[in-house]
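> Just need the structure, nothing else, for what follows:
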Amino acid sequence: MGHKIFVSYKYADDSIYNLTSNENSTVRNYIDEFESKLDESDDIYKGESDGEDLSQLSEETIWQKLKDRIYDSSLTIIFISPNMKESGKADKDQWIPWEISYSLKEVSRKNKNGDPVTSKTNAMIAVILPDDNNSYSYYLETKSCCASGCTMHNTNKLFDIIRKNKFNYKNGDKEECDNKDTIWHGECSYIKAVKWDDFINDISGYVDEAYERQDNMSDYDIYKEIE
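Prediction:
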């Protein structure tokens, strides 16, 4: 059975590693590579199709522009890139936070018979793209502050609605690091982060995990609103 996938990304961000030596890759090139790996029965809906200014638009108008692509999807994949967030612009004035918010909400629409049908909160994955030095350290930073070592997620690079759905597992296995930061073990986030190299080599595995989290979403404190 195919998946209906909504992809949220900053299409023009070119501060990423070139997929081939003869091109200046943007995030859109990574989306195309991902799409080429999908099964023919999968459907993909792409976000942020233009650079329209959202600052003067109402929430209802934004929803009208996004609803057909998001409402019919069951999985949202967010492609994280170094310049995903536009400096100096509020989250509510950028497309990606709205795409995430509507992906997480249960939204009612009427079907062709006029009967209300409510969508389910989407399964979610965050795919971290390598920067132009082929490094993930702008978001995933290896730390040596404790004997066992750990990886710090620089969640300040994310929109708030994504950040609040990280490390939100209610019964997480966690401990205090030597420097007083929190170390999580095992399951920890509804929007799980995975490196592009790992994801593209095991898409079905990570997708199955996302749907498993969706089936158990009551185990997470899920945030759906843009503040």
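
> Least confident secondary structure element in the chain?
One helix or strand of the chain scores below all others by mean pLDDT, DSSP states H and E: strand 108-110, with a mean of 67.

> Please tell me how far Ile78 sits from Glu35.
Per CB to CB, to the nearest Å, Ile78 is found 15 Å from Glu35. Using the backbone N, CA and C atoms, a C-beta is placed for each residue, glycine as well.

> So between those two, which is more surrounded?
Ile78 (24 against 13; other CB atoms under 10 Å).

> so who does the more buried one touch?
By CB atoms under 8 Å, 6 or more residues apart in numbering, the residues touching Ile78 are Ser8, Tyr9, Ile96, Ile100, Met124, Ile125, Ala126, Val127, Ile162, Ile191.

> The residue nearest the centre of the chain in helix, strand or coil?
By CA atoms, centre = their mean, the chain has its centre lying nearest to Ile78, at 2.6 Å. Three-state assignment for Ile78 (DSSP: H, G, I helix; E, B strand; the rest coil): strand.

> Bridged to it, which residues?
Judged by DSSP bridges, the bridge partners of Ile78 are Ser8, Ala126.

> State the pLDDT value of it.
Here the pLDDT value assigned to Ile78 is 96.

> Near the closest residue in space to Leu140 that isn't next to it in sequence, how many other residues are there?
With sequence-adjacent residues excluded and distances taken as CB to CB, 6 or more residues apart in numbering, Leu140 is closest to Thr151, at 5.5 Å. By other CB under 10 Å, the residues close to Thr151 number 13.
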